[in-house]
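# Here is my input; please provide its structure:
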Amino acid sequence: MRELRLWAAAAAGPVVAAGFFALAALRRRRALHPAGVGYQGWLRVPIETLPRPGVPLFQAGATHPAILRFSRGAGLPEPLPDALGVALKLPDAHGPGADQDLLLTSSTDRPLLRRLLFPARSFIRGAFSSALPYDLGRERVVLVLVPVPTRAGRSAGQAGRRRVGGALAELGAATSDGLSFELRTARSLGRSQPLATLTAGPALSAGQTQALRFNPWTTGPGIRPSGWLNLLRDPAYRASQRGRT
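Here you go, the predicted structure:
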């Protein structure tokens with residue numbers, strides 16, 4: 001069965017890529033998640049975290065500069081709900097020129113349901129999930145991202161309610177209060193487990209944000225997208241990037 005799925009993914013890859021290329025060319029921007037804003041940031045692994053053999057990126061006490069892009073999946077007009085995305089890039093995380101990308105979409109942090117994606121109206125309430133699994137060392141997990149309280153002690157959601165507007169406007173208000181997320185790992189059942197803290201910093205310019213490129217297969221030692229559906233994502237993302245140029 002596994003071999004059949006891999007064969008199907010290989011056969012479907014060119015078709016999926018062609019579709020993403022055509023959509024990006026038609027839009028003259030990303031096929032999916034066309035509208036977004038970027039921020040500088042950093043990812044910190046707690047010093048007390050459990051060791052993960054074979055995953056140097058998440059060694060206890062590690063700190064990595066980060067670039068974040070928050071986006072609307074289908075590009076629907078505000079304030080309609082959309083598949084909201086958080087794309088994370090850790091530049092040079094695995095050495096010079098060897099970045100780490102992680103991509104998550106609005107979901108929930110509930111057992112089983114974290115494998116599904118749900119439309120949302122806010123980047124600072126709810127949760128985001130990779131939905132598809134990663135092999136993290138010897139463990140197969142889904143990655144989950146959830147907001148944490150601001151420095152002022154309010155939840156990110158309470159801070160964002162001060163400004164009326166869509167998800168991106170609400171996000172801008174929340175980042176001024178110190179917006180952070182907790183990156184977690186989870187299996188299909190049971191509670192998610194803390195892995196690292198992700199904090200948003202200064203905003204990027206529109207040009208810097210537009211120039212960002214992400215791919216779930218931009219990865220390194222000990223972190224690998226798993227499963228046949230993930231195999232389709234590399235040609236799809238590359239085709240979208242070619243189509244928008």
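# Every contact and neighbour count from this point should use C-alpha atoms.
Fine.
# Can you give me the separation between the residue nearest to L68 when sequence neighbours are not counted and E78?
Nearest non-adjacent residue to L68, counting by C-alpha to C-alpha, 6 or more residues apart in numbering: L88, 4.8 Å away. As defined by C-alpha to C-alpha, to the nearest Å, L88 lies at a distance of 23 Å from E78.
# The two: who's more crowded?
Counting neighbours by other C-alpha atoms under 10 Å for L88 and for E78 shows that L88 has the greater number, 26 against 14.
# And the pLDDT for that one?
For L88, the pLDDT comes out at 97.
# Bridging across strands, which residues link to Q193?
T185 (DSSP bridges).
# Now that we're looking at it, what pLDDT does it have?
At Q193, pLDDT is 95.
# Phi and psi next, for L183.
Main-chain torsions, L183, degrees, to the nearest 10: phi -90, psi 130.
# which one is it nearest to, not counting chain neighbours?
Leaving out its chain neighbours, L183 is closest to L145 (C-alpha to C-alpha, 6+ apart), at 4.6 Å.
# Could you say which helix or strand holds the residue minimising distance to the centre of the chain?
Taking C-alpha atoms, centre = their mean as the criterion, L103 is the residue nearest the geometric centre of the chain, at 2.5 Å. Applying DSSP states H and E as the criterion places L103 in strand 100-107.
# strand partners of the helix or strand following that strand, parallel vs antiparallel please.
Using DSSP H and E, the helix or strand that directly follows strand 100-107 along the chain is strand 127-129. Strand 127-129 sits in its sheet next to strand 100-107 (antiparallel), strand 139-148 (antiparallel), going by DSSP bridges.
# Contacts for strand 127-129, please.
85-86, 104-109, 114-115, 117, 142-147 (C-alpha atoms under 8 Å, 6 or more residues apart in numbering).
# If we use 10 Å, what do you get?
83-86, 103-110, 113-118, 120, 142-147, 181-186 (C-alpha atoms under 10 Å, 6 or more residues apart in numbering).
# Quick one: buried ones out of those?
83-86, 103-109, 114-115, 117-118, 120, 142-147, 181-186 (16 or more other C-alpha atoms under 10 Å).
# where in the protein is pLDDT low?
Along the chain, segments meeting pLDDT under 70 span 1-33, 149-165, 234-245.
# try 50 this time
2-27, 152-155, 157, 159-164 (pLDDT under 50).
# what helix or strand is K89 on?
strand 84-90.
# Kindly report the same for P51.
Going by DSSP H and E, P51 is not in any helix or strand.
# Could you report the neighbour count for it?
12.
# Now it. Its backbone dihedrals?
The phi/psi pair for P51 (degrees, to the nearest 10) is phi -60, psi 150.
# got a list of what it touches?
So P51 contacts F58, Q59, A60 (C-alpha under 10 Å, 6+ apart).
# Also L88?
Per C-alpha under 10 Å, 6+ apart, neighbours of L88: 38-43, 66-70, 100-104, 198, 214-216.
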